[in-house]
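K.L.:
after the sequence you'll find the predicted model.
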Amino acid sequence: MAAVQLARRAGAEVFATAGKPRKRAYLRSLGIEHVMDSRSLDFADEVLTATGGEGVDLVLNSLTGEAIPRGLSLLRDGGRFLEIGKAEIWDQERAATVNPAARYVAVDLSERLQNEPAMCRTWFAALLGDVEDGSLTPLPYEEFDLEDAAAAFRSMARARHIGKVVLSVADAAVGSTVAASSLVAEATYLITGGLGGLGLQVAVWMVEHGARHLVLMGRRGAARPEAREAVDDLRGRGVDVKVIEGDVSSAADVERLGRSIDRTGLPLRGVVHAAGVLDDGLLLQQTWDRFANVFAPKVFGSWNLHRLTRHHDLDFFVLFSSVSAVIATAGQGNHAAANAFLDALAHYRRSLGLPGLSINWGVWRDIGATVEHDVEARIQGSGMRSFSVEDGMRVFETLLSNRRRGAPDHAPQVGVMPVDWSIFTRTFRRSSFYEELAPDTAAQPQAVVTEGAPCELRLRIEEAPPRDRRKLVQQHVLACVRRILDIDDADEIDPREPLTELGLDSLMAVELRGLLSAGLGLERNLPSTLVFDYPSVADLTEFLAADVLRLTESAERPSATAGDASALDAIEQLSDEEVEAFFNERIGRKP
């Protein structure tokens, strides 16, 4: 589009191509008369027709394959072919085999920037001057916040944008960022439940990220051998670790904790509240004592910490909640209620302008209460999955790193749980709570549920009229592609467009292959190179229809037996009147 402006300013006539109808419409809105489809080689014939067979003086190209020789063939004598793509570079000798009267030039701007920075600076300054005086206008752009970089790259990979894609960094983000990789050495960090398995993992993580002064609070102190060993290891690294034996649900113990922190002379900069107990039981088995037992560290403990720290300048105040607060986990009514309080407290603190984050953790593997109460075994069959300590701490780091007020990933409450949605949505099928998270199973191709059971989609294809079978296969392919690439139904997909240009990568290709196989109920997986051998929706449709399902366009007629043949011969001998009389008799109509 920059070239369009320069060409029109020079008085040149412009012929432009674009791959999508929306982009071609945009080019026409700029006043370009000759707009063609870059997905087809027909543009070359259209250019020759429009120029009376003369061709053009300059081709600016980023296409590959047969589009290159077709573009070269359009050039008049002395014309130039400027290649700005990176995927398929020719040289002058090869270009001369197509059009010896044309000059081929591959433009490598990165090389010019490196080898001729002074000249590039001059060009850029001149362009800025042209923009300032209005002779050139800036290109359109789509802006994404830096923290939405993944969405920006997805949009660019699918070629949905017009103009440029820009990542913006607001000034406010810089001042309020907490970099997990740089916890302050001359500050104190508090972990309640800090002598338990999970609390000690957080302590190790903090030390690895720069913390040198930790306060670990627990009801039993470092009584457990594992806790003593972990504390000694941290101290061996030169870390100042204070162990406070106390109950966070006791206001008196928390006040004593606060005085201990004040005596360090170092500011308190972060709090992680990881204390908690489990006392599961079905509702009929629950008593107030069992509720109070679970409420104590969660409800009273978190409120005591809130009161203790509300006048401190904290970087973070993190509450370790549970998915039980948002998912109906059997036997955990008391646990769900207690953790819901943590979630509400995080929202409340944020409303006061204070840091607050409640993490609804799923099931940690091989650590803490989940091992003691065999929680992992209890979730089997629900679709919920456990996660390792390493994965959990990576998520924890993500939630603390590069945070910004108001950004989506810095919400007051975040759920963390690996999920097999195909099982989970069946388990919780009556709830609409997850409909924006779980895939729309009703609109997606379904896998075979029982080994050997007929596949509904396969049967529909086989029973459809022959002329409709390929259409059903293509609908299946499109549904799978939309699901893997997260493309809305409203967005058009060109069946001829390579899926890699829509953003498909190698991992997605594996997922797509599995989804296509499952939806068609195939006993064997499709070839591992499927998407690379058949790169578009049209190619995949043709392969599945012709080579896999063996579909035919015309109705298949069974071979006739000897008896059938004689009957057919007899019918062939009937007159039109005899045929009509025969059918009238069969349907009970009088002649």
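P.N.:
Here it is on my side, so go on. Numbering: from 1, shown residues only.
K.L.:
where along the stretch 101-250 of the chain do the helices fall?
P.N.:
All helices of the stretch 101-250 of the chain, identified by DSSP state H, counting those that start in this stretch, fall at 109-115, 117-132, 149-157, 171-175, 197-208, 225-236.
K.L.:
any stretches of the stretch 451-591 of the chain with poor pLDDT?
P.N.:
Counting by pLDDT under 70, the low-confidence segments of the stretch 451-591 of the chain come to 451-455, 490, 506-507, 523-525, 553-591.
K.L.:
helices of that one, start to end?
P.N.:
456-463, 466-485, 506-520, 530-533, 537-542, 562-572, 576-587.
K.L.:
which parts of stretch 389-397 are buried?
P.N.:
Going by neighbour count (16 or more other CB atoms under 10 Å), the buried part of stretch 389-397 is 389, 392-393, 396. (Glycine included, C-beta is placed from N, CA and C.)
K.L.:
and stretch 260-275, what's buried?
P.N.:
Residues of stretch 260-275 classed as buried under the neighbour-count rule (16+ other CB under 10 Å) are 260-261, 266-275.
K.L.:
chain center to that stretch, what's the gap?
P.N.:
Taking the mean of its C-alpha atoms, stretch 260-275 sits 37 Å from the chain's own mean (CA atoms, centre = their mean, to the nearest Å).
K.L.:
what is the end-to-end distance of it?
P.N.:
Length of stretch 260-275, first residue to last, CA to CA, to the nearest Å: 19 Å.
K.L.:
need the contact partners of that stretch.
P.N.:
Residues outside stretch 260-275 that contact it (CB atoms under 8 Å, 6 or more residues apart in numbering): 183-184, 186-194, 196, 198-199, 202, 206, 213, 215, 217-218, 240, 242, 244, 248, 297-298, 301-302, 305, 309, 312-320, 342.
K.L.:
among the residues you listed, which ones are buried?
P.N.:
Those of those that meet the buried threshold are 183-184, 187-194, 196, 198-199, 202, 206, 213, 215, 217-218, 242, 244, 248, 297-298, 301-302, 305, 309, 312, 314-320, 342, by 16+ other CB under 10 Å.
K.L.:
how about the helices of the stretch 101-250 of the chain in JSON lines, adding mean pLDDT?
P.N.:
Output for these, formatted as JSON lines (pLDDT from 0 to 100):
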{"stretch": "helix 109-115", "mean pLDDT": "89"}
{"stretch": "helix 117-132", "mean pLDDT": "92"}
{"stretch": "helix 149-157", "mean pLDDT": "80"}
{"stretch": "helix 171-175", "mean pLDDT": "44"}
{"stretch": "helix 197-208", "mean pLDDT": "93"}
{"stretch": "helix 225-236", "mean pLDDT": "92"}
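K.L.:
report the separation between residue 213 and residue 501.
P.N.:
For residue 213, the distance to residue 501 (CB to CB, to the nearest Å) stands at 53 Å.
K.L.:
do the same with residue 312
P.N.:
From residue 312 to residue 501 the distance is 52 Å (CB to CB).
K.L.:
also residue 282?
P.N.:
From residue 282 across to residue 501, the span is 55 Å (CB to CB).
K.L.:
the two - which one has more neighbours?
P.N.:
Set residue 282 next to residue 501 and count neighbours by other CB atoms under 10 Å: residue 501 wins out with 15 against 10.
K.L.:
the more buried one touches residue 160, doesn't it?
P.N.:
No. Counting by CB atoms under 8 Å, residue 501 sits too far from residue 160 to count as a contact (11.0 Å).
K.L.:
what is the neighbour count of residue 185?
P.N.:
Using other CB under 10 Å, residue 185 is surrounded by 11 other residues.
K.L.:
spit out the contact partners of the residue lying closest to residue 50 once chain neighbours are set aside.
P.N.:
Using CB to CB, 6 or more residues apart in numbering and skipping the chain neighbours, the partner closest in space to residue 50 is residue 34 (5.7 Å). Contacts for residue 34 (CB under 8 Å, 6+ apart) come out as 13-16, 46-47, 50.
K.L.:
what about 10 Å?
P.N.:
Each residue near residue 34 by CB atoms under 10 Å, 6 or more residues apart in numbering is listed here: 13-17, 27-28, 43, 46-47, 50-51.
K.L.:
please consider this matter closed, and thank you.
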